[in-house]
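Visitor: generate a structure from the sequence data that follows.
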Amino acid sequence: MTIEPTAKDQLQPGCNFDCHVCPTAQFGFDAVSGTGRLMKFPPGIGCQSVALMAFVGFNPRVSKTNRALHHELMTDRNAFVRLESNRTGIEPYIAVGGKERHYRTHAMIAEESIRGTDYEGRAFEEVAVATELFLCATEKPTSALRRALSDGSAECPKRHCWPVLHRAVAKVIVALGDDVFNYLRRGLAYPQEWTLSPQHRERVRLDRHSPSE
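Guide: So this is what the prediction gives:
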């Protein structure tokens with residue numbers, strides 16, 4: 001698998017707000033009526049620099065509990081950018097007591113991982129970042145998305161996911177599900193073109209977690 005580094009401005013705030021690179025109909029992405037924008041999340045939610053942990057999912061879901069949030073994000077660029085800092089309004093999005101059950105697991109894993117360390121008690125966005133292989137949302141993963149991963153034609157991981165991981169240089173990467181784990185493992189956790197210090201590379205661990213949804 002060949003991963004090409006992207007331009008530095010690729011991860012500027014709101015960089016993928018208007019992104020339509022992927023084939024919408026083929027991949028089954030949902031759009032917000034009236035705007036034409038695809039429902040999506042920003043490249044990274046949480047820490048926007050070096051992080052202890054990185055969580056990688058397959059792609060965001062559209063559900064009864066978050067459809068209103070997707071609509072807000074795609075009609076208000078400021079709300080979209082705020083989510084990068086793990087905020088929806090004044091509340092954290094990824095938190096142990098957060099509204100989205102899926103992301104409570106992220107927060108619980110991060111919280112337990114730093115218990116008993118100098119980082120104990122820190123908020124998710126202070127120690128971790130959550131990203132996705134594909135940032136646009138569907139009700140469930142599609143076979144077309146899985147094919148794009150296997151044949152190397154998927155653009156979103158190259159443009160957004162890998163840059164987030166490169167920026168985070170996390171000590172632990174948590175892959176949510178087998179599709180994500182196998183894809184990241186094929187890339188050896190980090191593309192060779194993005195050289196990390198030998199000391200850091202020795203400390204990187206790729207863990208697999210099976211999401212409940």
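Visitor: closest to the centroid, which residue in this protein?
Guide: Central residue of the chain (C-alpha atoms, centre = their mean): T131, 1.0 Å from the mean position.
Visitor: mind checking the longest helix of this structure?
Guide: helix 101-113 (DSSP state H).
Visitor: check the offset of that one from the chain's centre.
Guide: 14 Å (C-alpha atoms, centre = their mean, to the nearest Å).
Visitor: picking that back up, quick check, the residue nearest to the centre of the chain in a helix?
Guide: No - looking at T131 with DSSP: H, G, I helix; E, B strand; the rest coil, it is strand, so not inside a helix.
Visitor: how about low-confidence regions in the chain?
Guide: Residue ranges of the chain with pLDDT under 70: 1-10, 188-213.
Visitor: mind listing the strands for it?
Guide: Remark: strands assigned in the chain by DSSP state E are 45-46, 53-57, 87-88, 91-92, 128-132, 172-176, 205-209.
Visitor: may I have the strands that pair with the fourth one, each with its orientation?
Guide: Think strand 91-92. Partners of strand 91-92 in the sheet, by DSSP bridges, are strand 87-88 (antiparallel).
Visitor: and the residue sitting furthest away from the middle of the chain, how far from Q48?
Guide: Within the chain, G116 marks the point farthest from the mean C-alpha position, 26.6 Å out by C-alpha atoms, centre = their mean. Noted for G116: a distance of 26 Å to Q48, by C-beta to C-beta, to the nearest Å. For glycine as for every other residue, the C-beta is placed from the backbone atoms N, C-alpha and C.
Visitor: with H160 instead?
Guide: H160 is 13 Å from Q48, by C-beta to C-beta.
Visitor: who's more crowded, the two?
Guide: Shown here are H160 and Q48; by other C-beta atoms under 10 Å, H160 has more neighbours (27 against 19).
Visitor: so what's the more buried one up against?
Guide: Contacts for H160 (C-beta atoms under 8 Å, 6 or more residues apart in numbering) come out as 10-11, 15-16, 43, 131, 135.
Visitor: repeat that for 6 Å
Guide: 43, 135 (C-beta atoms under 6 Å, 6 or more residues apart in numbering).
Visitor: buried stuff in stretch 134-144?
Guide: For stretch 134-144, a neighbour-count test (16 or more other C-beta atoms under 10 Å) marks 134-138, 141-142 as buried.
Visitor: repeat that for stretch 145-161.
Guide: Quick answer for stretch 145-161 (16+ other C-beta under 10 Å): 145, 148-149, 154, 156-161.
Visitor: which of the buried residues of stretch 134-144 sit farthest apart?
Guide: Within those, two members stand farthest from each other by C-beta to C-beta: L135 and T142, at 14.6 Å.
Visitor: this structure: helices as residue ranges?
Guide: 24-27, 67-75, 77-84, 101-113, 124-127, 143-151, 156, 162-168, 178-186, 198-203.
Visitor: let's have the ones you listed in JSON lines, adding distance to R37.
Guide: Output for the helices of the chain, formatted as JSON lines (distance: least, C-beta to C-beta, whole Å):
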{"stretch": "helix 24-27", "distance to R37": "11"}
{"stretch": "helix 67-75", "distance to R37": "4"}
{"stretch": "helix 77-84", "distance to R37": "10"}
{"stretch": "helix 101-113", "distance to R37": "22"}
{"stretch": "helix 124-127", "distance to R37": "25"}
{"stretch": "helix 143-151", "distance to R37": "19"}
{"stretch": "helix 156", "distance to R37": "15"}
{"stretch": "helix 162-168", "distance to R37": "21"}
{"stretch": "helix 178-186", "distance to R37": "25"}
{"stretch": "helix 198-203", "distance to R37": "37"}
